[in-house]
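Asks: Make a model of this:
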Amino acid sequence: MTDRKIRVLVAKPGLDGHDRGAKVVARALRDAGMEVIYTGIRQTPEMIAEAALQEDVDVVGLSILSGAHNVLCPRVLELLHSQGMDDVVVLVGGIIPDEDVAPLKALGVRGVFGPGTSTGDIVSFIRQSIG
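Replies: Down below sits the predicted model:
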């Protein structure tokens, strides 16, 4: 184990322009000692995967409120895998119906966090996932 901080990319894929939740989570992760890269709103899956590669992140957190998670998440995962980033932990937060959680996890999403999730729970999940 090194002293390197956990690096987390927080991104808002798609056309969703509501980013308050993403900013709250990003701040909580920073306060917990993680290094956070926030890409802002309206990112394409390609932009997110490229930023993840360039920033050498451990975690990609996607915030999706638009309902497009079944399109955006698989594409981000596909792009990460094509770049050899199979060890990156992908998390999704936002409005994700219960029936979509298992299929997202089957694709490789490690954690899904809905409205009202404690930021402490997200921090703990990331620390446990990274080890």
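
Asks: got a list of what the residue positioned nearest the centre of the chain touches?
Replies: The centre of the chain sits closest to G61, judged by CA atoms, centre = their mean, with a distance of 1.1 Å. Taking CB atoms under 8 Å, 6 or more residues apart in numbering, we find G61 in contact with V8, L9, V10, A11, A22, V25, V90, L91, V92, G93. C-beta: built from backbone N, CA, C; applies to glycine.

Asks: cutoff 7 Å now
Replies: Contact analysis of G61 by CB atoms under 7 Å, 6 or more residues apart in numbering lists V8, L9, V10, V25, L91, G93.

Asks: where in the protein is pLDDT low?
Replies: Judged by pLDDT under 70, the chain has its weakly predicted residues at 1-2.

Asks: Let's see that with 50 instead.
Replies: 1 (pLDDT under 50).

Asks: quick one, strands of it?
Replies: Here the chain has its strands, by DSSP state E, at 7-11, 35-38, 59-64, 89-94, 111-113.
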